[in-house]
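>>> fold the following for me, if possible:
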Amino acid sequence: MNKLNKILFTFILIPALVIAKNQCEENFSKTGSIFTGKAYKTTETLKKINYNYAFEKIYLYLTKDGWNIINSNKNAGTINASQEVSFGNGKISPLNVIVEKTNFSDTKVSIVYNMSAGVTTSKKRAKKFFCKIINSAL
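Coordinates of the predicted model:
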């Protein structure tokens, strides 16, 4: 790698990756409690990522990760998936991903994960998973 490439990598690419990670994490929120049920949410705008590419990559990531895709509609930008909860006596937790065109070259990804009362996961684990979903489209 020549000196110019090293400089570009250091000052342009690395900060861009950090910004992408921080946007997913900064927009992350949790509402509810173990008694009422919880909802985890985040959103991120992917700069210069094609809508079709992002939708397909996220769909594939969820499928490979073992999620049951209940419904997907590429025209509407929705992927509805679920997973049976460990030790949940048949309970399922729905995951909804919305992929939207924001302009000619950017794509916005929003994720909502709902858990019923009595089911829990750590905020850290949910945040890490959400960011993996979003990063699968990069």
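
>>> need the pLDDT of residue 89.
In this model, residue 89 is scored at 69, pLDDT.

>>> where in the protein is pLDDT low?
For the chain, residues meeting the criterion pLDDT under 70 lie at 1-21, 86-89.

>>> please, where are all the strands along it?
Remark: strands assigned in the chain by DSSP state E are 29-33, 37-46, 68-73, 78-84, 92-101, 107-115.

>>> turn the ones you listed into CSV, including mean neighbour count.
Any C-beta I mention is one placed from the backbone N, CA and C, and that applies to glycine too. Listed next are the strands of the chain as CSV, based on neighbours: other C-beta atoms under 10 Å:
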stretch, mean neighbour count
strand 29-33, 12
strand 37-46, 20
strand 68-73, 13
strand 78-84, 17
strand 92-101, 19
strand 107-115, 21
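
>>> what's the closest of these to residue 125?
strand 37-46 (9.7 Å; C-beta to C-beta).

>>> for that closest one, packing partners?
helix 14-26, strand 29-33, strand 107-115, helix 123-135 (3 or more C-beta pairs under 8 Å, 6 or more residues apart in numbering; DSSP states H and E).

>>> relative to strand 78-84, how tilted is the third one?
Think strand 107-115. 30 degrees (axes from the mean of the first three to the mean of the last three C-alpha atoms, to 10 degrees).

>>> just want the angle from strand 107-115 to helix 123-135.
Interaxial angle, strand 107-115 versus helix 123-135 (the same axes, to 10 degrees): 150 degrees.

>>> no more questions from me, cheers.
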